[in-house]
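**Student:** Requesting a structural model of the entry that follows:
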Amino acid sequence: MSVRSSLLTSSVALRRLRAAADPVRALGIARYFKTGPGEYGEGDRFLGLTLPFIREISREFRDLPLGQVMRLLKSPWHEARSVALIILVGRYVRGEAAEQCPGPCCAMPSNGFLRRYDAGTWPSPGSEVHKHGFWHPPA
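**Tutor:** Numbering: from 1, shown residues only. Purely as a prediction, here's the structure:
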């Protein structure tokens with residue numbers, strides 16, 4: 001199911017994500033990603049959503065305008081940034097990147113919007129995000 005183009009905004013996507021939030025699960029995820037003071041993911045915030053749900057939202061919002069995708073990429077919520085990355089990788093894989101994105105660099109960690117583990121939402125180095133050059137682990 002795709003969202004009507006008049007409803008394709010980052011605000012609508014964020015509302016969908018927040019509506020499905022699971023605060024108890026979010027606490028567990030925050031512990032897993034070590035978000036406490038001085039830890040690996042210090043300060044990151046989670047809604048407690050499952051990856052299948054995040055992928056579902058990404059499919060629904062796959063035609064989100066690039067500016068709106070970038071708003072998701074700047075979100076304080078880990079799951080919103082994951083949605084943005086999945087959308088960008090999908091466009092790249094489908095050959096839409098030249099028209100929709102200035103290149104893989106728009107999703108690179110150097111833009112300051114991503115944390116080291118955001119692209120780690122995908123399970124392995126052979127995943128789409130790794131194969132297409134969107135993620136390079138820190139040296």
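
**Student:** use CA for all of it now, contacts and neighbours both
**Tutor:** OK.

**Student:** Could you point out which residue ranges in the protein have low pLDDT?
**Tutor:** Scanning the chain for pLDDT under 70 picks out 1-6, 96-139.

**Student:** let's see 90
**Tutor:** Within the chain, the ranges that satisfy pLDDT under 90 run 1-8, 33-36, 39-44, 66-67, 88-139.

**Student:** Run through the helices of it in chain order.
**Tutor:** Under the criterion DSSP state H, helices of the chain are mapped to 10-19, 23-32, 51-60, 66-73, 78-93, 97-100, 128-131.

**Student:** how about those helices, which one is nearest Asp44?
**Tutor:** Checking the helices of the chain against Asp44 by C-alpha to C-alpha gives helix 78-93 as the closest, at 6.9 Å.

**Student:** what helices or strands is the closest one leaning on?
**Tutor:** Contact here means 3 or more C-alpha pairs under 8 Å, 6 or more residues apart in numbering; DSSP states H and E; on that basis helix 78-93 packs against helix 10-19, helix 51-60, helix 66-73, helix 97-100.

**Student:** if we can go back for a sec, out of the helices of the chain, deepest packed?
**Tutor:** helix 78-93 (a mean of 23; mean count of other C-alpha atoms under 10 Å).

**Student:** so it versus helix 10-19, what angle?
**Tutor:** Computed by axes from the mean of the first three to the mean of the last three C-alpha atoms, to 10 degrees, the angle separating helix 78-93 from helix 10-19 equals 130 degrees.

**Student:** returning to that earlier point: could the helices and strands packed on helix 78-93 go into a markdown table alongside distance to Tyr40?
**Tutor:** Below are those laid out as a markdown table (distance: least, C-alpha to C-alpha, whole Å):
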| stretch | distance to Tyr40 |
| --- | --- |
| helix 10-19 | 24 |
| helix 51-60 | 21 |
| helix 66-73 | 19 |
| helix 97-100 | 31 |
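
**Student:** now for the ones you listed, which one comes closest to Ile29?
**Tutor:** Per C-alpha to C-alpha, nearest to Ile29 of the helices and strands packed on helix 78-93: helix 51-60, 11.8 Å.

**Student:** Can I get that closest one as PDB, trimmed to CA atoms?
**Tutor:** Output of helix 51-60 as PDB, limited to C-alpha atoms (Å, rounded to 0.1, in the frame of the first residue of the first chain):
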ATOM      1  CA  LEU A  51      12.500  -3.900  11.600                       C
ATOM      2  CA  PRO A  52       9.600  -5.400   9.600                       C
ATOM      3  CA  PHE A  53       7.400  -2.500  10.600                       C
ATOM      4  CA  ILE A  54      10.200   0.000   9.700                       C
ATOM      5  CA  ARG A  55      10.500  -1.700   6.300                       C
ATOM      6  CA  GLU A  56       6.700  -1.500   5.800                       C
ATOM      7  CA  ILE A  57       6.700   2.200   6.500                       C
ATOM      8  CA  SER A  58       9.600   2.600   4.100                       C
ATOM      9  CA  ARG A  59       7.600   0.900   1.300                       C
ATOM     10  CA  GLU A  60       4.600   3.100   2.000                       C
END
